[in-house]
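# Take this sequence and fold it.
(one chain, ligands or ions: 2)
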Amino acid sequence: MGKIRMTASFVILAAVIVGCESDKQSPPRTKLDDPKAPTPVYRSPLSVAVSPDGKTLYVSDRTAGCVTVLDASGGKKIRDVAIGGEPNGLCLSSDGKRLYVARRKANSIALIDTAKRIVTGHISVGPWPVAVALAPKSNRLYSCNRGNHTVSVVDLAAGKEIKQIAVVRDPAFAVVAGDESRLVVANFMPADAATAPDPASEVSIIDTKAMRQRARVKLPRGSTMARGTWVSPDGKWAYVVHLLGLFDLPITQLEQGWVHTTALSIIDLATPERLATVLLDDLTKGAPDPWAVVGSPDAKKLWISHRGVHEVSTIDIGRIHELLAGKIPAKLAEIKDAQRDNIWVRITKDKRQIAELARDLTALHISNTLVRTPSGGKGPTGMALGPDGKKLYVANYYGASVGVLDAIGGKLLATISVGGQPGLDAARRGEIFFHDATRCYQRWHSCASCHLDGGRVDALTWDFLRDGIDNGKDVISLVYMHRTPPHNRRATRPNPWESLETGVVGSHHMPPAKSEVDDLLAYVKSLRPEPNPNLPTFAPAAARGKVLFEGKANCTRCHPSPLFTDNKSYNVGTASAGDPDGRYDTPSLIEAYRTAPYYHDGRAATMKEALSPRDPKGLHGRLKDLTPKEIDDLIAYVLSL
Ligand code: HEC
Ligand code: HEC
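Ligands and ions are numbered 1, 2, ... in the order given. Sure, this is the predicted structure:
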């Protein structure tokens with residue numbers, strides 16, 4: 001990726017705030033208790049870029065709606081540049097004169113003149129751009145558009161988008177590889193049905209000349225949250241960080257670790273195939289939720305931010321490649337894994353054992369190739385390496401600061417404030433709890449490890465024991481959950497407070513304080529559906545679909561507006577073996593465009609699969625009476641909600 005300095009990209013949470021406010025401290029204000037109260041403007045630094053001379057940092061701030069310019073050497077804030085439209089990922093031109101910032105809610109890229117520190121223009125791209133990557137030789141910019149699962153190709157000379165390339169699902173990060181002939185894109189979530197044999201996020205390899213997706217590399221079964229990606233300067237290896245969910249084990253398995261592990265996958269770009277996946281956790285201390293990865297110019301070191309545990313890890317990736325190639329030092333070869341050889345020795349004897357790395361929590365520790373250190377604040381997300389490779393800058397999303405770390409030892413050298421934080425109201429406290437894996441026994445996951453994107457879904461099923469064993473349930477979005485009791489697919493909890501409390505006990509195995517549940521409830525109440533990115537595409541068909549939904553298809557009987565659920569349970573012919581009567585809570589259809597897969601066990605990967613009529617008894621509305629064209633219109637309507 002040449003000299004481009006890229007940073008990690010985005011998070012989709014709740015607040016809708018545009019424009020920077022002053023840095024004064026202000027008291028907490030509770031919007032939910034008093035709708036007329038002004039919404040507090042929190043500082044949430046997300047992505048960082050560093051100027052080629054190493055003197056200046058540019059930090060996107062998602063909730064304050066600006067890019068903050070920091071003096072890296074003096075450790076001081078210089079100023080905010082108002083951007084609006086929810087700034088996410090950003091990158092600098094090679095000469096450092098221009099900054100490109102993805103504005104998710106404005107579907108555009110803002111161009112900033114870094115000398116004048118002003119916005120000089122905008123380029124429209126696909127919906128919900130969250131990350132940008134620059135190809136300086138080809139004079140192109142790429143953006144990852146999560147709203148329609150595409151990557152935009154922007155011709156910088158013409159100043160406009162020339163193509164949208166379809167990828168897999170929710171592209172979250174992109175890196176230009178080697179000679180700029182390829183683009184490596186991490187797809188955040190699995191596109192599979194949750195009941196498929198190996199649901200997992202994928203990595204797209206794009207041929208930039210043909211402007212199309214050339215290959216898809218699947219991450220191991222249960223991989224989600226694929227985002228941070230780095231490509232070695234020679235274009236040989238791509239490194240992607242993600243969660244690895246062992247979703248078919250009952251959730252009580254948490255006491256032995258391993259419900260969620262945090263992983264780094266190594267992809268050989270020549271083939272392209274996944275070479276190996278290594279785990280970044282300690283035996284009794286998880287490392288979720290991975291966000292960004294950056295590497296040293298000599299490709300020997302990698303740094304990874306772990307948002308859920310407020311840490312950065314330094315990985316000796318050069319050494320890991322040597323071990324994978326069979327160069328095992330004698331001392332390491334002596335270490336046993338109980339009675340047998342350790343994983344590295346086993347791989348030298350049998351190449352197929354390489355798959356075992358994705359289940360081995362000791363591999364990086366016995367080989368001394370991993371060190372984890374504090375990031376200097378809560379919720380580390382984007383990172384950038386200084387030009388001399390000595391300093392690492394880390395945006396601490398909930399810490400309102402950038403941590404300056406010694407890249408060599410990982411020691412925290414300083415933190416630079418991006419501005420004063422207003423006092424935290426209940427919703428923000430709840431949001432912080434929700435994203436904090438240190439509140440979980442042995443830190444294996446946060447609520448946000450399964451409820452991604454601010455309380456939405458991870459496209460997997462999980463087996464909570466509240467309704468029997470071996471009958472996993474697809475994760476439910478928490479948007480408007482407080483208005484749609486009872487809770488859970490089998491309606492096992494009567495009210496939101498109790499549901500949240502048992503949510504903490506069931507998934508974290510540490511009972512929350514009453515005030516923490518109050519905060520979580522305030523956070524969940526603050527979640528709002530976002531403007532639907534599909535609306536323009538679906539408009540005419542959706543209008544026809546609405547008539548069917550409310551009329552002939554009889555959907556409103558159980559999915560009445562405005563919440564599109566009557567809060568009752570029915571058997572609509574989808575019974576799973578583990579559930580006695582086949583009755584499930586009617587799900588709200590709000591934001592159904594982003595909550596795939598569908599049904600209690602996530603059996604339908606797409607809305608088309610969910611609504612294709614295979615319901616001869618007519619249990620699920622009158623789907624069986626509709627023509628294929630009418631079904632298409634109905635799908636367009638449901639996806640437009
Ligand atoms: C391991 C994945 C996972 C984690 C971690 C997790 N959840 Fe969930 N959550 C689920 C699944 C799966 C369901 C659906 C369960 C069912 O239907 O029985 C769910 C359901 C819920 C519900 C019910 C929603 C409704 O309207 O029916 C709430 C509330 C909830 N979770 C809150 C939380 C909170 C708070 C946390 C963090 C303390 C959390 N969850 C952590 C997977 C998870
Ligand atoms: C008798 C009540 C009832 C009627 C009528 C009904 N639904 Fe449903 N719907 C349900 C229930 C219950 C589920 C959950 C089933 C499960 O989880 O397996 C569901 C699930 C769904 C889902 C999956 C949503 C998700 O997030 O998993 C979609 C989409 C859906 N219905 C659309 C429709 C449409 C379109 C119609 C009209 C043709 C319709 N429903 C008619 C009760 C109903």
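# Now do the strands in the stretch 251-400 of the chain.
260-268, 273-279, 290-295, 301-306, 311-316, 336-337, 340-341, 370-374, 380-385, 391-396 (DSSP state E, counting those that start in this stretch).
# JSON lines please, covering these and showing mean neighbour count, mean pLDDT and distance to ligand 2.
Quick note: C-beta positions are derived from backbone N, CA and C, even for glycine. Converted to JSON lines, the strands of the stretch 251-400 of the chain look like this (neighbours: other Cβ atoms under 10 Å; pLDDT from 0 to 100; distance: least, Cβ to the nearest ligand atom, whole Å):
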{"stretch": "strand 260-268", "mean neighbour count": "25", "mean pLDDT": "97", "distance to ligand 2": "23"}
{"stretch": "strand 273-279", "mean neighbour count": "20", "mean pLDDT": "98", "distance to ligand 2": "30"}
{"stretch": "strand 290-295", "mean neighbour count": "27", "mean pLDDT": "98", "distance to ligand 2": "27"}
{"stretch": "strand 301-306", "mean neighbour count": "25", "mean pLDDT": "98", "distance to ligand 2": "30"}
{"stretch": "strand 311-316", "mean neighbour count": "23", "mean pLDDT": "98", "distance to ligand 2": "34"}
{"stretch": "strand 336-337", "mean neighbour count": "14", "mean pLDDT": "90", "distance to ligand 2": "42"}
{"stretch": "strand 340-341", "mean neighbour count": "13", "mean pLDDT": "94", "distance to ligand 2": "44"}
{"stretch": "strand 370-374", "mean neighbour count": "18", "mean pLDDT": "96", "distance to ligand 2": "37"}
{"stretch": "strand 380-385", "mean neighbour count": "29", "mean pLDDT": "98", "distance to ligand 2": "29"}
{"stretch": "strand 391-396", "mean neighbour count": "28", "mean pLDDT": "98", "distance to ligand 2": "33"}
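# Contact partners for the residue most central in space within the chain?
In the chain, the C-alpha closest to the average C-alpha coordinate belongs to M225, at a distance of 4.4 Å (Cα atoms, centre = their mean). Applying Cβ atoms under 8 Å, 6 or more residues apart in numbering, one finds that M225 lies in contact with F188, M189, S201, H242, L243, D289, P290, S449, L452, D458.
# Of the strands of the stretch 251-400 of the chain, which is nearest W462?
Relative to W462, the nearest member of the strands of the stretch 251-400 of the chain by Cβ to Cβ is strand 260-268, separated by 9.9 Å.
# Would you mind getting the angle between that closest one and strand 370-374?
Following axes from the mean of the first three to the mean of the last three Cα atoms, to 10 degrees, one obtains 130 degrees for the angle between strand 260-268 and strand 370-374.
# interface residues of the stretch 351-500 of the chain facing ligand 1?
Counting by Cβ under 6 Å from any ligand atom, the stretch 351-500 of the chain comes close to ligand 1 at 445, 447, 449-451, 462, 464, 467, 473, 475-476, 478, 481, 484, 487-490, 499-500.
# Select from these every entry located in helices.
In helices, judged by DSSP state H, the following of these are found: S499, L500.
# which of the residues of the stretch 351-500 of the chain next to ligand 1 are close to ligand 2?
Filtering these for neighbours of ligand 2 using Cβ under 6 Å from any ligand atom leaves R489.
# Three-state assignment for the nearest residue to P616 once chain neighbours are set aside, please.
Of all residues not flanking P616 in the chain, K624 sits nearest, at 6.2 Å (Cβ to Cβ, 6 or more residues apart in numbering). Per DSSP: H, G, I helix; E, B strand; the rest coil, the local secondary structure of K624 is helix.
# what's the longest helix belonging to the chain packed up against?
Using DSSP H, we find that the single longest helix of the chain is helix 535-550. Helices and strands touching helix 535-550, by 3 or more Cβ pairs under 8 Å, 6 or more residues apart in numbering; DSSP states H and E, are helix 628-639.
# For the helix it packs on, list every residue counted as buried.
E630, I631, D632, D633, L634, I635, A636, Y637, V638, L639 (16 or more other Cβ atoms under 10 Å).
# which one among those gets closest to ligand 1?
Distance to ligand 1 across these (Cβ to the nearest ligand atom) is lowest for V638, with 18.7 Å.
# who's in contact with that closest one?
Residues in contact with V638 (Cβ under 8 Å, 6+ apart) are G545, F549, L589, A592, M607, L611.
# Next one, pLDDT for it please.
pLDDT, V638: 96.
# can you check T120 too?
Reading off the per-residue confidence, T120 sits at a pLDDT of 97.
# So which bits of stretch 331-351 are buried?
With the criterion 16+ other Cβ under 10 Å, stretch 331-351 contains buried residues I335, D337, D341, N342, I343, W344, V345, R346, I347, T348.
# go on, stretch 401-412?
For stretch 401-412, the buried set under the neighbour-count rule, 16+ other Cβ under 10 Å, comprises S401, V402, G403, V404, L405, A407, G410, L412.
# Out of the residues of the stretch 351-500 of the chain next to ligand 1, which sit inside strands?
When DSSP state E defines the strands, the subset of these inside them is W462, K473.
# State the distance from the residue of the stretch 351-500 of the chain found nearest ligand 2 to S569.
Among the residues of the stretch 351-500 of the chain, R489 lies nearest to ligand 2; the distance is 5.7 Å by Cβ to the nearest ligand atom. Separation of R489 from S569 (Cβ to Cβ, to the nearest Å): 9 Å.
# need the residues of the protein near ligand 1, please.
Contact residues (Cβ under 6 Å from any ligand atom) of the chain with ligand 1: 445, 447, 449-451, 462, 464, 467, 473, 475-476, 478, 481, 484, 487-490, 499-500, 503-504, 507-508, 520.
# Spell out which parts of the chain neighbour ligand 2.
489, 553-555, 557-559, 570, 572, 574, 584, 586-587, 589, 592, 595, 598-600, 610-611, 620-621, 623, 634, 638.
# Just the buried ones from these?
When neighbours are counted using 16+ other Cβ under 10 Å, the residues of the chain next to ligand 2 contain these buried positions: 489, 553-555, 558-559, 570, 572, 574, 584, 586-587, 589, 592, 595, 598-600, 610-611, 620-621, 623, 634, 638.
# Next step: these restricted to helices.
Secondary structure defined by DSSP H assigns A610, L611, L634, V638 of those to helices.
# ok, back up a step: hang on, the residue of the stretch 351-500 of the chain closest to ligand 2 packs against Y584?
Yes: using Cβ atoms under 8 Å, R489 is in contact with Y584, at 5.2 Å.
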